[in-house]
Structure formats: structure tokens, C-alpha cells
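*Asks:* One predicted model, sequence on top.
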Amino acid sequence: MVSERVGQYIEKKGISYYAFENSLGASRGSISKAVKEGKSIGSNVLENIMGIYTDLNPNWLLTGHGEMFIGSADASVSREVQTFRLKTDNSLEQQQIPLYDIEAFAGLVPLFQNAKSKDPIDHISIPRLPKCDGAVYVTGDSMYPLLKSGDIVLYKEVRDIRNEIFWGEMYLLSIETSEEEYITVKYIQKAEREGYVRLVSQNQHHQDKDVELSKIKALALIKASIRINAMR
């Protein structure tokens with residue numbers, strides 16, 4: 001069954017279902033449920049999988065014949081990279097940026113505290129980028145169309161949250177709420193109230209929101225984003 005082979009591929013790649021679903025822009029739990037319950041996976045999703053995961057042999061995925069992996073990438077897949085530089089940024093000719101699964105760390109705060117203690121999903125190498133500490137998948141549509149769910153953002157961690165914010169720039173942040181940690185990507189602007197910051201979305205359907213600066217428990221400046229485009 002196709003869904004069983006998708007599960008085998010995910011296991012072989014050593015990534016989580018959460019990261020796999022994010023990369024496809026699929027709803028959380030949809031792929032894992034199909035795999036575990038032996039249900040069919042829609043043709044649009046399968047086409048998306050084959051477009052993004054270019055080392056996966058389509059013949060093996062659909063029929064079970066042949067090898068799981070192919071030797072060369074599909075030329076019909078492109079990678080769109082956007083950079084968000086400060087004037088003070090210096091580009092590195094080459095760097096290996098770890099790609100992390102936030103769910104594996106149970107949040108952004110423990111990721112920043114324990115990133116070196118766990119292996120990343122993968123490493124990203126793009127020449128002439130500013131120095132980055134890591135990368136994660138984006139969820140939600142608050143920054144659409146600049147970012148969409150399934151894109152990857154590359155970030156530089158902010159150590160001193162109170163004093164090192166560049167107003168108007170885009171950030172990955174963790175906010176303490178009464179129920180659980182809220183992770184989002186927003187522009188951060190100055191708020192009128194003392195001790196607050198204003199979170200602004202790119203998506204016009206999301207309202208601006210003022211939050212207490214003390215409620216921000218983890219913060220990282222977005223340096224670049226990656227979007228995988230499958231052109232079939």
C-alpha cells in the first residue's frame with residue numbers, strides 16, 4: 001500500500017511526521033493517520049511528496065517496484081530563497097545550518113536551550129547568507145504571502161530580548177500564555193504602552209496585537225526563508 005511505503009520512507013529519512021506534514025503544507029496528523037490506519041493518500045498529496053522529496057523513487061512509491069531512493073534530483077523542483085538582511089550583516093560564503101523539529105523539543109524555549117543535545121532533522125547549506133543558528137518549519141498563515149505553512153525559516157537567536165530588538169524586523173518568537181506556549185512569526189514594532197511590543201502580521205486578515213515584552217520567552221531574528229516549488 002502507498003501509505004505504508006510513505007511511512008517507510010519517513011522512517012528511513014529519520015524525520016518526524018510533524019516535520020514531513022509541515023513541509024507539504026498538509027494538516028497536522030493527516031499523513032501519520034493515513035500511514036498508521038492504512039488509508040489512502042490523495043493524488044495531490046502524493047504529487048506534492050514526489051515534487052518536494054526528490055530522492056524518492058516515484059515508481060517505488062506508487063507500485064512498490066524498484067528501490068526507494070533514486071540517484072539524481074528531479075529538475076522540475078526548484079527552491080526559492082528569500083533573505084532578510086540587516087545593514088550590519090556580513091555574509092558567510094558557506095555554513096551548515098541545522099534544521100530542527102520544534103515538536104521534538106516540545107517548544108521553542110527548550111529548542112534554544114538544548115539544540116546541541118539532539119541531532120537535527122537535516123542541515124541546510126546556502127552560500128552567502130548571514131550567520132544563522134538554525135532553521136525550522138513555519139506553521140500558520142499569519143505572514144502569508146511572504147511565508148506560507150511548510151516554508152522553512154532560518155534564524156539568528158536573540159539572547160537579550162529586552163535590549164536587542166530591531167524594530168520593524170521579522171521574528172520567530174515564543175509567547176507565554178495562560179494555557180501553553182504560543183509560537184509564531186511576526187514583525188515586531190514599538191507599542192504605545194510601556195513594557196509592551198506590537199506584533200504585526202503580513203496577512204491583512206490578522207489583527208495587530210500588543211503583548212507584554214516579559215511574556216516573550218524566546219526570540220530569533222529571521223534571516224532567510226526557503227520555499228520548495230514543485231513544477232509539474
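*Replies:* Structure received.

*Asks:* OK, contacts around the spatially most central residue of the chain?
*Replies:* Taking C-alpha atoms, centre = their mean, the centroid of the chain lies closest to residue 137, which sits 0.9 Å from it. Applying C-beta atoms under 8 Å, 6 or more residues apart in numbering to residue 137 gives the contacts 19, 22-23, 101-102, 150-152. All C-beta spots, glycine's among them, are computed from the backbone N, C-alpha and C.

*Asks:* try it again with 10 Å
*Replies:* 18-23, 25, 99-103, 121, 149-153, 226 (C-beta atoms under 10 Å, 6 or more residues apart in numbering).

*Asks:* mind listing which of these are in helices?
*Replies:* If you go by DSSP state H, the contacts of residue 137 have 18-23, 102-103 in helices.

*Asks:* Give me the buried subset of these.
*Replies:* The neighbour-count test (16 or more other C-beta atoms under 10 Å) marks 18-23, 102-103 as buried among the ones in helices among the contacts of residue 137.

*Asks:* Nearest to residue 192 among the residues you listed?
*Replies:* residue 102 (31.8 Å; C-beta to C-beta).

*Asks:* So what does the residue nearest to the centre of the chain look like in phi/psi?
*Replies:* As for residue 137, its main-chain torsions (degrees, to the nearest 10) stand at phi -80, psi 150.

*Asks:* Could you check the pLDDT of it?
*Replies:* You'll see residue 137 listed with a pLDDT of 88.

*Asks:* Switch the ones in helices among the contacts of residue 137 over to CSV; also include distance to residue 117 and pLDDT.
*Replies:* Shown next, in CSV, are the ones in helices among the contacts of residue 137 (distance: C-beta to C-beta, whole Å; pLDDT from 0 to 100):
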residue, distance to residue 117, pLDDT
18, 19, 87
19, 18, 86
20, 23, 89
21, 25, 90
22, 22, 86
23, 24, 87
102, 15, 86
103, 16, 80
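
*Asks:* got those residues as CSV, with distance to residue 159 columns?
*Replies:* Formatted as CSV, these follow (distance: C-beta to C-beta, whole Å):
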residue, distance to residue 159
18, 27
19, 26
20, 31
21, 31
22, 27
23, 29
102, 19
103, 24
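
*Asks:* Give the single residue among those positioned nearest to residue 93.
*Replies:* residue 23 (26.9 Å).

*Asks:* so who does the nearest residue to the closest one once chain neighbours are set aside touch?
*Replies:* Spatially, and ignoring its direct neighbours in sequence, residue 23 is nearest to residue 150 (5.5 Å; C-beta to C-beta, 6 or more residues apart in numbering). Shown here is residue 150, whose contacts under the criterion C-beta under 10 Å, 6+ apart are 21-26, 48, 52, 137-139, 227-228.
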